[in-house]
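Asker: Predicted coordinates and the sequence they were generated for:
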Amino acid sequence: MSKDAHSARMAAADLVAAVTGEGQLLSDALGQGALTALAPADRARAQRLATETLRQMPRADAVLKPFLRRSPPAPVLAVLRIATVEMLALGAAPHGVVGAAVDTLRAGGIRTDSFASLGNAVLRKVAATDPAVWATLPVPELPSWLRGRLMSAWGKPATRAMEAAHLAGAPLDLTPKDGDAEALATQLGGEALPGGSVRLTVPGQVSELGGYASGDWWVQDAAAAMPARLLAAQPGERVADLCAAPGGKTLQLAAAGAEVTALDISQGRMDRVAENLGRCGLAANLVVADALDWQPEALLDAVLLDAPCSATGTIRRHPDLPHAKGGYGLRELFALQAQMLDHALTLLRPGGRLVFCTCSLLPEEGEQQIAHLRDRHPDLLADVAATDLPWIAPEWRAGDGMLRLRPDFWADRGGIDGFFIACLRLPG
């Protein structure tokens, strides 16, 4: 095993341990430890290994359990889980995986080196496991704090279907700058999706794909691309994208010719927006500020508010979320969303449009949030025309001007992130 491959495995183990042992989100852990020193390709390999291990972790634990008298420390268990997933889920050669895992334990210093013999013995038993057993293991269930809420909202069959979608993972979706999904799909060998996104099932290294360096497209899940499409910004319109990072919606609005102000509270996240705009040759006014405090110089034609939320709709691409998050702080999030909605309305001219969205599966962050908003603002109108589009599936509709997307939708196409979208407007 090469030094770089070994470093990638060690970094992957650190990532898994950070999520499971310290409750960190993978996005936070990515900027720490050995991962920061890796070359881009090895960094991507470490992230892929960690992500797939977190997705398959309950199955890996079921295989490991008979071979462990008690659970080893988190860094050791992370190595065992990764190796189990590599062998049984990813089909890697057992001999190489076992040797690499033992080397990783030996190189881990005081935290793991004394467990190298245990790891060797356990993983040899895992390697002897019939691969067919893996397919018979149950689909991992969501944690009880979330599963119970989804059962109450959508029912048991839908919740199980969402869990199956989470296990399947997510393909790569792209948004073409020029809006020509058919041409980009043909160029990259992908599928043009209803709504204008392009889906790649075997993408390879993103930065090596044709059109990346020239900014012809950007990575954006098909669900995340829908709010800006429904807002339908026109050339010259004054539009704000609140909570804009990482910038996909800002790019869409700018590509449509709008005068866009992109706002985010984090300078670091706003730097990513600037980087994406620069690569794609697009422009927007970037503001680092709290969305609850910001006021434009003149009232706006439209506002897109992608509010902070539980992110429960993105578990199929972020399997760390169920392990790192609990049900804490949800009420505070619900209250913040309500405040942001009320403030967003003050930014609009008469007749102005508001698109509110959350990447959440919880009705409290979607349907219920809008019902409460309309109670507070009885004159607020549903923008029914915004969602009256031929590519919108009937099962997505959640009321006038509202869409509810779930991971189990588009099952024949590889699923879609969970999203809630509401299109509203002020009376003119």
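Answerer: Nice, I can see it.
Asker: longest strand anywhere in the protein?
Answerer: Looking across the chain with DSSP state E, the single longest strand is strand 348-358.
Asker: in that strand, what counts as buried?
Answerer: For strand 348-358, a neighbour-count test (16 or more other Cβ atoms under 10 Å) marks 348, 352-358 as buried. Bear in mind the C-beta positions are built from the backbone N, C-alpha and C, glycine included.
Asker: Relative to the whole chain's centre, how far out is the helix or strand following that strand?
Answerer: Going down the chain from strand 348-358, the next helix or strand is helix 367-376, by DSSP states H and E. Put simply, helix 367-376 sits 26 Å off its chain's centre (Cα atoms, centre = their mean, to the nearest Å).
Asker: what's the answer for stretch 258-266, then?
Answerer: Put simply, stretch 258-266 sits 21 Å off its chain's centre (Cα atoms, centre = their mean).
Asker: And the strands in the stretch 151-300 of the chain?
Answerer: For the stretch 151-300 of the chain, the strands defined by DSSP state E, counting those that start in this stretch occupy 172-176, 191-192, 198-200, 217-219, 238-242, 259-264, 285-288, 300-306.
Asker: helices or strands up against the third one?
Answerer: It refers to strand 198-200. strand 172-176, helix 181-188, strand 191-192 (3 or more Cβ pairs under 8 Å, 6 or more residues apart in numbering; DSSP states H and E).
Asker: got the domain boundaries for this structure?
Answerer: 3-136, 221-425 (automatic domain parsing).
Asker: The ones you listed: which one's closest to M151?
Answerer: Each of those was scored for nearness to M151 using Cβ to Cβ, and the closest is domain 221-425 (11.3 Å).
Asker: Any idea how far apart the tips of the closest one sit?
Answerer: Terminal residues of domain 221-425 lie 26 Å apart, using Cα to Cα, to the nearest Å.
Asker: if I look at the nearest residue to F115 once chain neighbours are set aside, how far off is A17?
Answerer: In space, and not counting its chain neighbours, F115 is closest to V76: 4.6 Å by Cβ to Cβ, 6 or more residues apart in numbering. In this view, V76 and A17 are 9 Å apart by Cβ to Cβ, to the nearest Å.
Asker: Ramachandran angles for the residue of the chain most remote from its centre?
Answerer: Each residue of the chain has a distance to the centre, and by Cα atoms, centre = their mean the biggest one is for S117: 37.5 Å. Backbone torsions of S117, given as degrees, to the nearest 10, read phi -70, psi -40.
Asker: what does the model give it for pLDDT?
Answerer: Turning to S117, the model gives it a pLDDT of 95.
Asker: do the same with S214
Answerer: Per the predicted model, pLDDT is 96 at S214.
Asker: How many residues are close by it?
Answerer: 11 (other Cβ atoms under 10 Å).
Asker: swap in L405?
Answerer: Using other Cβ under 10 Å, L405 is surrounded by 27 other residues.
Asker: Make sure it is actually in contact with G313.
Answerer: Yes - using Cβ atoms under 8 Å, L405 is in contact with G313, at 7.4 Å.
Asker: Tell me the spacing between the residue nearest to the spatial centre of the chain and V98.
Answerer: With distances taken as Cα atoms, centre = their mean, the residue of the chain nearest its centroid is T314 (4.0 Å). As judged by Cβ to Cβ, T314 and V98 stand 33 Å apart.
Asker: who are the neighbours in contact with G399?
Answerer: G399 is in contact with 367, 382, counting by Cβ atoms under 8 Å, 6 or more residues apart in numbering.
Asker: Mind naming the longest helix for this protein?
Answerer: helix 40-64 (DSSP state H).
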